[in-house]
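*Asks:* 3D model of this:
(one chain, ligands or ions: 1)
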Amino acid sequence: MATPHIDAELGDFAPAVLMPGDPKRAERMAELILDSARMVTDVRGMMGFTGVYAGEGPHHGKPLSIMGSGMGMPSIAIYATELFRFFGVERIVRVGTAGGISPAVSVGDVVIASGAHTTSSMNELRIPGTHFSAVADLAMASAALHAAAGAADVFAGPIISADHFYFAVPGQLDAMVAHGVLAVEMEAASLYGVAAEHGTGALAVLTVSDHLTKQGADMTSAERETRFQGALSLAVAAAFA
Ligand code: HPA
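*Replies:* Now for the predicted structure:
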């Protein structure tokens, strides 16, 4: 049964879905890590693919889907809700980029988002009278951490999911640094809320693509690719947790 934003049938998606923001990246990832991939939806150009995991290791040959989420919390909430509610999806791993906040992380590092503060009101109404805690699925986060095997460029901790890319309230950045926020992106808090609502699992594995409080060298395209592969292997481990 198609939903308003996904033109697919029950069974077209694997229980595990990787979600980059960009549907073109979903297509490239499907070429890279799936065997027998087929496109299962492309409503509004938001392509989704299903195949079997082509990589080495214990998860080789397992069904896996990859679909774009679009940018921002309302967009990922639409796709995550429909995937969890109507297509039998059990785990979503967001694989995206984030801006570094903590001086402890650098461009190119990977952040496993254990929880996501937010400037959004999307989780405010979930538990009346309560400030909802948007937290990752612990089994998925620990699978990603385990796969990282203590690598010095992988961090786990709180991030912030912001509604604005280009705007911050004065003092906000300093307070984030003071509270140990590792990075900022625009989707995880709502993904975690939607997963809580459906009793399913979610995690965000983020590559630091720029830094808001620290000057540093940009990545070369070769570095970018290697780093992305690293993040992807952690995301795959979490998807099959
Ligand atoms: N802000 C919000 N989202 C982001 C950023 C940023 O600086 N970098 C990558 N995603």
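
*Asks:* residue ranges of the strands in the protein, please?
*Replies:* Remark: strands assigned in the chain by DSSP state E are 16-19, 34-41, 48-53, 63-67, 91-100, 110-118, 154-161, 183-185, 201-211.

*Asks:* okay, the second one in PDB with CA atoms only?
*Replies:* C-alpha atoms of strand 34-41 as PDB (Å, rounded to 0.1, in the frame of the first residue of the first chain):
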ATOM      1  CA  LEU A  34      24.200  -3.200  -2.000                       C
ATOM      2  CA  ASP A  35      24.000  -6.200  -4.300                       C
ATOM      3  CA  SER A  36      20.800  -6.700  -6.400                       C
ATOM      4  CA  ALA A  37      19.700  -3.200  -5.500                       C
ATOM      5  CA  ARG A  38      16.400  -2.000  -6.900                       C
ATOM      6  CA  MET A  39      14.700   1.400  -6.500                       C
ATOM      7  CA  VAL A  40      11.500   0.900  -4.500                       C
ATOM      8  CA  THR A  41      10.200   4.500  -4.400                       C
END
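
*Asks:* quick check: angle from it to strand 63-67?
*Replies:* Calculated by axes from the mean of the first three to the mean of the last three CA atoms, to 10 degrees, strand 34-41 forms an angle of 50 degrees with strand 63-67.

*Asks:* in strand 34-41, what's buried?
*Replies:* Leu34, Ala37, Val40, Thr41 (16 or more other CB atoms under 10 Å). Every residue, glycine included, has its C-beta placed from N, CA and C.

*Asks:* which strands and helices sit next to that strand?
*Replies:* strand 48-53, strand 63-67 (3 or more CB pairs under 8 Å, 6 or more residues apart in numbering; DSSP states H and E).

*Asks:* same thing but 10 Å
*Replies:* Here strand 34-41 touches helix 23-33, strand 48-53, strand 63-67, going by 3 or more CB pairs under 10 Å, 6 or more residues apart in numbering; DSSP states H and E.

*Asks:* what about the longest one and the ligand, touching?
*Replies:* No - between helix 23-33 and the ligand, judged by CB under 6 Å from any ligand atom, nothing touches; the nearest distance is 13.2 Å.

*Asks:* roughly how far is that helix from the heart of the chain?
*Replies:* Centroid displacement of helix 23-33 relative to its chain, using CA atoms, centre = their mean, to the nearest Å, is 15 Å.

*Asks:* count of neighbours near the nearest residue to Val205 once chain neighbours are set aside?
*Replies:* Counting by CB to CB, 6 or more residues apart in numbering, the nearest residue to Val205 once its immediate chain neighbours are dropped is Ala235, at 4.5 Å. Neighbour count for Ala235, taken as other CB atoms under 10 Å: 30.

*Asks:* ok, now which ones touch Ala235?
*Replies:* Contacts for Ala235 (CB atoms under 10 Å, 6 or more residues apart in numbering) come out as 16, 18-20, 29, 33, 93-96, 110, 112, 140, 143-144, 147, 203-206.

*Asks:* per-residue pLDDT, it?
*Replies:* Note for Ala235: predicted pLDDT of 98.

*Asks:* ok, it to the ligand distance?
*Replies:* 16 Å (CB to the nearest ligand atom, to the nearest Å).

*Asks:* and what of Ser65?
*Replies:* Look at Ser65 and the ligand: by CB to the nearest ligand atom, they are 23 Å apart.
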